[in-house]
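1. missing the sequence, but the structure's below:
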Ligand SMILES: N[C@@H](CCC(=O)N[C@@H](CSCc1ccccc1I)C(=O)NCC(=O)O)C(=O)O
C-alpha cells in the first residue's frame, strides 16, 4: 500500500477530473485504476466497494469514498483548501456548486445526440457568459484580490480554473469580456502545482473522445 490516494474511474475526465485537479493543486500524488470493462465494474459491485454501485471511487486514509462532492469536500478540508471559518467555507461551497452546475453541462455534452450538439453548445456558452463567469468577474473586481475567498488559495479557485479551461476548449473567446478572469487564469496557471498539472505527461485527462463515450456506455449497458 503506497499511502497515496487511489482513484478508480474511467481513463477520462467525467466526474473524476475535479478530484484530479484538487489533489494535484494540493501537491498530492495519487494512483489511478482505470475502469474499462463491464466485468471490471461488476466485480467492483460484487466486492462491495461501491456504496451506491457508482464511480468515482477514491480510496483515501483507509476509506473507500464515493460521491464526488463528499470526496472533494474531504480533500479540501484535509489540505486546508476550505477557508478559515464557517462563512468562508459557505462561500466556497456556493462558488463550487455554481461552477459544478456549469461543469455538468460540459460533462454530459459528449453524450449529446448529434442533432442536439449545436443547441447544447450554445447553452454552455450562454450560461458561462451570462450566469456564471460574471459572478466571478465581479468578485475578483470588488475584492481586488488574487483569490475568490479570504484572499487565500482555495478549492473554489481550483474549480474555477478547471471550468475556465474546459469552457475555453469549446468556446476559445469565452473570456473576451472578462479581464479579471483572464488575469485570474494566468495567475492560477502559473501556481507551481497547477503549472505542473497542466504540463504534458501529468494525470490530467484530455477532452472526452468517442472511445471514452463508448467505454462509459458499454460499461453501464444493462
Ligand atoms: N452523485 C454521484 C453520481 C455518480 C455517477 O453518476 N456515476 C456514474 C459514472 S459517471 C458517468 C456519467 C454519468 C452521467 C453523465 C456523464 C457521465 I461520464 C455511474 O457510476 N453510473 C452507474 C450507475 O449509476 O449505475 C457522484 O457525484 O459521484
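-> Yep, it's here. Fair warning: this is a prediction, and the values are worked out from it, not measured in the lab.
2. can you give me the distance of residue 206 to residue 42?
-> 27 Å (Cβ to Cβ, to the nearest Å). C-betas here are computed from N, CA, C, even on glycine.
3. likewise for residue 49?
-> As judged by Cβ to Cβ, residue 49 and residue 42 stand 12 Å apart.
4. residue 5 and residue 24 touch, don't they?
-> No. Counting by Cβ atoms under 8 Å, residue 5 does not reach residue 24; the two are 11.2 Å apart.
5. show me what stretch 85-99 is in contact with.
-> 72, 76, 82-83, 132, 135-136, 148-150, 154-156, 159-160, 163 (Cβ atoms under 8 Å, 6 or more residues apart in numbering).
6. repeat the analysis, applying 6 Å as the threshold.
-> Identification of contacts with stretch 85-99 by Cβ atoms under 6 Å, 6 or more residues apart in numbering yields 82-83, 132, 148-150, 154-156, 159-160, 163.
7. buried set for it?
-> Neighbour-count burial for stretch 85-99, counted by 16 or more other Cβ atoms under 10 Å, picks out 88-89, 91-93, 95-96, 98-99.
8. strands of the protein, residue ranges please.
-> Ranges of strands within the chain are 6-9, 31-34, 57-60, 63-66, based on DSSP state E.
9. nearest to residue 126, out of these?
-> Among the strands of the chain, strand 6-9 comes nearest to residue 126, with 29.4 Å by Cβ to Cβ.
10. for the ligand, what are the nearby residues on this protein?
-> Proximity of the chain to the ligand (Cβ under 6 Å from any ligand atom) is limited to residues 14-15, 53-56, 67-69, 107-108, 111, 216, 220.
11. redo those residues as JSON lines? Include neighbour count and pLDDT.
-> Putting these into JSON lines (neighbours: other Cβ atoms under 10 Å; pLDDT from 0 to 100) gives the following:
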{"residue": "14", "neighbour count": "19", "pLDDT": "98"}
{"residue": "15", "neighbour count": "19", "pLDDT": "98"}
{"residue": "53", "neighbour count": "13", "pLDDT": "97"}
{"residue": "54", "neighbour count": "15", "pLDDT": "98"}
{"residue": "55", "neighbour count": "23", "pLDDT": "98"}
{"residue": "56", "neighbour count": "23", "pLDDT": "98"}
{"residue": "67", "neighbour count": "15", "pLDDT": "98"}
{"residue": "68", "neighbour count": "20", "pLDDT": "98"}
{"residue": "69", "neighbour count": "13", "pLDDT": "98"}
{"residue": "107", "neighbour count": "17", "pLDDT": "97"}
{"residue": "108", "neighbour count": "10", "pLDDT": "97"}
{"residue": "111", "neighbour count": "12", "pLDDT": "97"}
{"residue": "216", "neighbour count": "18", "pLDDT": "98"}
{"residue": "220", "neighbour count": "13", "pLDDT": "96"}
